[in-house]
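Enquirer: A predicted structure for the sequence below; I have some questions about it.
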Amino acid sequence: MAYKINKTDGSLLAEVVDSTVDQVACDLTLVGKNVAGYGEFLNENFVKLLENFASTSEPNNPIMGQIWFDSAQNRLKVYDGNGFRIGSGPIVSGTQPLNIVQGDLWIDSAENQLFFYDGTDLQLAGPIYKDSQGLSGFTVESIYDSAGSLRTVVYLWVAQTLLGIFSKYTFDFQPKVAIPGFTGVIKPGFNAGNLAGMKFHVRSTSSDALVNTLGQIKTAEDFMTTSGNTNTSGTITISNPLPLRLGPSQNYEITADVSSFRVTSNNTGQDYAIRIKNSGGITKDAITIKSLTERVGIFQPNPQYTLDIAGSLRASSAFKLPTYTTGDRDAKTSENGELIYNSTVNRVQAYANNVWVDLH
């Protein structure tokens, strides 16, 4: 009568016919009734169980719960129905394991990183960088200063390159031993390394100072404000043809080129004035230009002539009078006090009491 071999859960593993053995249902030899020399099979089964099927290759016919000692890795593994997994300790592999359960640890031997499985995803425990990326992130270091005192600092790395050092000390100190990738003293806060072109490409809400291309430090006091009163002790140079626009609507311009300097108003009918304060502290317009009448007044705010001077006139060299012939003179409209040179009679003449009078 055949033996029916059942597993712990009651399911049938194999049915062994009389006088036969079964060596495929599992990794033990199942012995049927009336098998000659069954003692050898029985003893070998005990030995396999004692050594947990120790071998460099996994058993051929495992069943769930079977324990195998992997002599190639010196690890004890258990069969979970899909494959042999490490019974204790992390899984070490260059590729992500497939048959993992919640709580498993995996060491990625290709990138030297440790992961844990939370039941849904593999989570990185550390380090944060892959071995192929090179040292990246923060490391906490203890270094000695030049006086022999131990200081705790934080290094910032990217791809094996030291970007800088953080220090919490309120004073500067010189490292006792030179730090590769860094020179100089370590100051409070962040200290940049020797990486060429090292900058923070972000917007800053405030800064103590700026450094120009010559390495000169410029503080806020070195700049002129655009939103309030400002002044400078230096020279302002504006190198373009239209250096200044003035007024809320920018209708007033100061322009300059190699041929001329101009002050221009783009508002129709707007007058131009140069204002002074005299010795008595009184403010008045020294020169007034009326745009609509095209007249200029000197200390005359409302000029009545093309040039209207409120005061005396002196010419340090020749004073030129307009030249007329007698006929041209009589054809023009004149005012009392007007002076001309009459080329017909070669005389300087003045208009008085509505007639022209020779001046000798």
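Expert: That came through fine. The model shown is predicted, which means the values in this text are computed figures rather than measured ones.
Enquirer: what segments of the protein are helices?
Expert: For the chain, applying DSSP state H gives helices covering 38-51, 326-331.
Enquirer: output these in CSV; the columns should cover mean neighbour count.
Expert: To be clear about C-beta, it is placed using only N, CA and C from the backbone, and glycine gets the same treatment. Shown next, in CSV, are the helices of the chain (neighbours: other Cβ atoms under 10 Å):
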stretch, mean neighbour count
helix 38-51, 12
helix 326-331, 12
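Enquirer: any idea which of the ones you listed gets closest to Ile86?
Expert: Among the helices of the chain, the nearest to Ile86 by Cβ to Cβ is helix 38-51 (17.9 Å).
Enquirer: give me the neighbour count for the spatially closest residue to Phe84 that is not a sequence neighbour.
Expert: In this structure, Phe84 finds its nearest non-sequential neighbour in Lys77, 4.2 Å apart by Cβ to Cβ, 6 or more residues apart in numbering. Applying other Cβ atoms under 10 Å, we find 22 residues neighbouring Lys77.
Enquirer: again, but for Ser88
Expert: When neighbours are counted by other Cβ under 10 Å, Ser88 registers 8.
Enquirer: now do the same contact list for it.
Expert: Neighbouring residues of Ser88 by Cβ atoms under 8 Å, 6 or more residues apart in numbering: Leu76.
Enquirer: and the residue nearest the centre of the chain, how far is that from Leu156?
Expert: Centroid-nearest residue in the chain, with Cα atoms, centre = their mean: His201, separated by 2.0 Å. Separation of His201 from Leu156 (Cβ to Cβ, to the nearest Å) stands at 15 Å.
Enquirer: neighbours around Ile186, how many?
Expert: So Ile186, with other Cβ under 10 Å, has 22 neighbours.
Enquirer: okay if I get the helices of the chain as TSV plus distance to Gly81 and mean pLDDT?
Expert: Converted to TSV, the helices of the chain look like this (distance: least, Cβ to Cβ, whole Å; pLDDT from 0 to 100):
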stretch	distance to Gly81	mean pLDDT
helix 38-51	20	95
helix 326-331	127	93
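Enquirer: now do the phi/psi pair for the closest residue to Met224 other than its chain neighbours.
Expert: With Cβ to Cβ, 6+ apart as the criterion, Met224 has its nearest non-adjacent residue at 4.4 Å, and that residue is Thr230. Phi and psi for Thr230, reported as degrees, to the nearest 10, are phi -150, psi 160.
Enquirer: verify the stated contact: Thr230 with Glu221.
Expert: No: under the criterion of Cβ atoms under 8 Å, Thr230 makes no contact with Glu221, lying 10.8 Å away.
Enquirer: what residues are up against Thr20?
Expert: Residues near Thr20 by Cβ under 8 Å, 6+ apart: Gly32, Val35.
Enquirer: tell me the pLDDT at it?
Expert: Note for Thr20: predicted pLDDT of 95.
Enquirer: how much space separates it from Leu42?
Expert: Applying Cβ to Cβ to Thr20 and Leu42 gives a distance of 15 Å.
Enquirer: list the contacts of the residue nearest to Gln23 when sequence neighbours are not counted.
Expert: Excluding its sequence neighbours, the residue lying closest to Gln23 (Cβ to Cβ, 6+ apart) is Thr29, at 5.2 Å. Neighbouring residues of Thr29 by Cβ under 8 Å, 6+ apart: Val21, Asp22, Gln23, Phe41, Glu44, Asn45.
Enquirer: adding distance to Pro59, write those residues out as JSON lines.
Expert: Below are those laid out as JSON lines (distance: Cβ to Cβ, whole Å):
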{"residue": "Val21", "distance to Pro59": "17"}
{"residue": "Asp22", "distance to Pro59": "15"}
{"residue": "Gln23", "distance to Pro59": "12"}
{"residue": "Phe41", "distance to Pro59": "16"}
{"residue": "Glu44", "distance to Pro59": "14"}
{"residue": "Asn45", "distance to Pro59": "13"}
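Enquirer: pull the contacting residues for Leu214.
Expert: If a contact means Cβ under 8 Å, 6+ apart, then Leu214 has no contacts.
Enquirer: quick one, grab the pLDDT at it.
Expert: 89.
Enquirer: could you do Val31 as well?
Expert: 95.
Enquirer: surely it meets Tyr38?
Expert: Yes: in this structure, Val31 is within contact of Tyr38 by Cβ under 8 Å, at 4.6 Å.
Enquirer: which segments of this structure make up each domain?
Expert: The chain breaks down into these domains under automatic domain parsing: 3-51, 134-192, 317-360.
Enquirer: got the ones you listed as a markdown table, with distance to Asp121 columns?
Expert: Shown next, in a markdown table, are those (distance: least, Cβ to Cβ, whole Å):
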| stretch | distance to Asp121 |
| --- | --- |
| domain 3-51 | 31 |
| domain 134-192 | 21 |
| domain 317-360 | 99 |
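Enquirer: with respect to Ile107, which of these lies nearest?
Expert: Here domain 134-192 is closest among the domains of the chain (Cβ to Cβ), at 18.3 Å.
Enquirer: distance across that closest one, terminal residue to terminal residue?
Expert: Using Cα to Cα, to the nearest Å, the end-to-end distance of domain 134-192 comes to 19 Å.
Enquirer: many thanks, I have nothing further to ask.
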